[in-house]
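Trainee: pasting the sequence and the predicted model now:
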Amino acid sequence: MNNTLDEFKEELETCFGTSCGFCERGCPVYQTMKVKTLCMKGRNRTMLGLLQGKFDITPAVVQAAFECTLCGNCDRWCSLKNTEHTRAFREYLLKHGYEPMKEHASLAASLKNYGNPWFQPRSARNKWTKGLNIPKAAPGAQDVLFFAGCTSAVMKPLVPSLVAGAKLLQRAGVRFATLGQDEPCCGSTLLRVGQTEAYEDIAKKNVERFEALGVKRIVTACPGCYTTLKKSLQDHGSKIEVVHITKEIADLVRSGKLKVKRSTERMTYHDPCHLGRLGGVFEEPRDILRAIAPLAEMPNHGMESRCCGAGAGLQSAFPKLSRDLAAKRIAEATSTGATTLVTCCPFCETQLRTVPGIKVADLMELLLSSVENGEKGNDRPAPGKT
C-alpha cells in the first residue's frame, strides 16, 4: 500500500545528511529550471522542514511538490524511494488543507463523472473496437483481458495505435476480451496528483472486478496503466499477471508468428518513464523496432532516458515547462540523425508531437504497417507526422 510522508521521515533525514546531489544530473525539471528545490535533494529538504514544523505551506512549497513528472530518474542515482516521497508529499499537502490545483481538480471531476480524465462520454470508450470483433469479457469466459486505457481509447488521434495493437494480437492468434465502454480507469492520474484515497477506492473495485471475471492475465498498451494496474493487483494480493503489449508482441516477432518487412529508414526510440525506468521494460520495444528498421539510440536512453514532460499532472498544470522538456527530448532525437522518433505511450506520443523537428510514430502502428507490407509486398508509408 502507499506510505505516508511521515513514514519516509528517516529517508528524508538520510538525504539531508548525505546531500550528495546526484539526483540533479538526471532530473529533467532541474536541468531546465536550475531551481534547487525542484531536484530531489531540495524537495526532500522541503518535506523534512514541513515535518519538523520549520515552515508552513507556501506557494514555493506547492511548486516543489507539483513541478515534477515523477519520472523516476532521481531513483536511478539513489537508494531512497524518491518518486514515492514526492507522491506522498502531494498527498500530505492535500490532507493539510491545500486545495488541489484547478487543473488536477478538473481531471478528477471528469474521472468521477465520465470514467476518464478527458471529459469524454463513457460511450466513446468502446468506439475503437468497431469492426474488430473483440468479445466483451464475461465471468469465466476468457483468460486474457485487453485493457485499453482511458487516453488511447477516447482521444481520437491515439485510437489507431490501440487498434493496431489489437490487430497484431489477433493476427498472432492471441484470444482476448475487453470490457468495452464499461472499462474503468486504472486510477493513475489520481495516484500521481496526490488524491490517494480516491485512487485506492478505484483500485480496490478494479481488483474485485478482475477477480470476479476470472482473468488470468491483463495486456495493456498504456505504460501508465501497466505500472498502476500492477501496483493495484500486488497491493491487494492478486495473482493476476499484467503484461505490457510490447512484451507480448516481441515474443510473436521473435517466434516468426508476425512476418515483418524491414525498412532502411533510420529510427530512434524514446523510453516512456512508466514502461522503462518505472516498469522495467527496455529490450522488448527495441527488439520490435530493430526488426522494423535500424535503431539509432539517443544520448540518454534506457535507464537514463529523459522524460517527455507529460507525466504526473505537469502537462496540465505547467504546460510551458512540460513543452520545454519535450523540446529537449526532440533535440536529442534529431541529434541521432534518425528521421523517425518511435515510442509506445499515448502520453509521450501526444507530447512529443507538440514540438516540430522529427516524425513521431507509435510502435504498434509502425509494426502493423510493416507486417501488412510484408504480407502484401507493398511499400505503404509508415504512420506518424512531422
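Mentor: Yep, that arrived.

Trainee: so what does the host helix or strand of I218 touch, helix or strand wise?
Mentor: I218 belongs to strand 217-220 when assigned by DSSP states H and E. Counting contacts by 3 or more CB pairs under 8 Å, 6 or more residues apart in numbering; DSSP states H and E, strand 217-220 packs against strand 144-147, helix 223-235, strand 241-244, helix 245-254. Placement of C-beta: from N, CA and C, glycine included.

Trainee: buried residues of it, list them for me.
Mentor: 218-220 (16 or more other CB atoms under 10 Å).

Trainee: now swap in stretch 306-321 and tell me
Mentor: 306-318, 321.

Trainee: pipe those into CSV and attach distance to G17 and pLDDT per row.
Mentor: Converted to CSV, those look like this (distance: CB to CB, whole Å; pLDDT from 0 to 100):
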residue, distance to G17, pLDDT
R306, 29, 95
C307, 28, 97
C308, 34, 97
G309, 32, 95
A310, 34, 94
G311, 29, 89
A312, 27, 91
G313, 31, 88
L314, 29, 91
Q315, 35, 89
S316, 36, 87
A317, 32, 89
F318, 31, 91
L321, 30, 95
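
Trainee: which one of the residues you listed sits closest to S106?
Mentor: Nearest to S106 among the buried residues of stretch 306-321 is S316, at 7.8 Å by CB to CB.

Trainee: distance check, the closest residue to that closest one other than its chain neighbours against F318.
Mentor: In space, and not counting its chain neighbours, S316 is closest to E103: 4.1 Å by CB to CB, 6 or more residues apart in numbering. Plainly put, E103 is 9 Å away from F318 if you go by CB to CB, to the nearest Å.

Trainee: roughly how far apart are the residue nearest to S316 and T196?
Mentor: Taken as CB to CB, the span from E103 to T196 is 18 Å.

Trainee: just the strands in the chain please.
Mentor: 144-147, 217-220, 241-244, 267-269, 340-343, 359-362 (DSSP state E).

Trainee: tabulate these in TSV, adding columns for distance to R286 and mean pLDDT.
Mentor: Shown next, in TSV, are these (distance: least, CB to CB, whole Å; pLDDT from 0 to 100):
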stretch	distance to R286	mean pLDDT
strand 144-147	23	97
strand 217-220	19	98
strand 241-244	13	98
strand 267-269	6	98
strand 340-343	10	98
strand 359-362	15	97
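
Trainee: is it possible to get JSON lines of those that adds distance to T189?
Mentor: Converted to JSON lines, these look like this (distance: least, CB to CB, whole Å):
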{"stretch": "strand 144-147", "distance to T189": "15"}
{"stretch": "strand 217-220", "distance to T189": "15"}
{"stretch": "strand 241-244", "distance to T189": "18"}
{"stretch": "strand 267-269", "distance to T189": "25"}
{"stretch": "strand 340-343", "distance to T189": "20"}
{"stretch": "strand 359-362", "distance to T189": "21"}
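
Trainee: for M47, find the nearest of those strands.
Mentor: strand 241-244 (30.3 Å).

Trainee: who touches that closest one?
Mentor: 216-221, 223, 226, 229-230, 233, 275, 279, 281, 284 (CB atoms under 8 Å, 6 or more residues apart in numbering).

Trainee: can you pull out the helices in the stretch 1-150 of the chain?
Mentor: For the stretch 1-150 of the chain, the helices defined by DSSP state H, counting those that start in this stretch cover 9-18, 23-26, 28-33, 40-51, 59-66, 73-76, 82-95, 102-114, 150-154.
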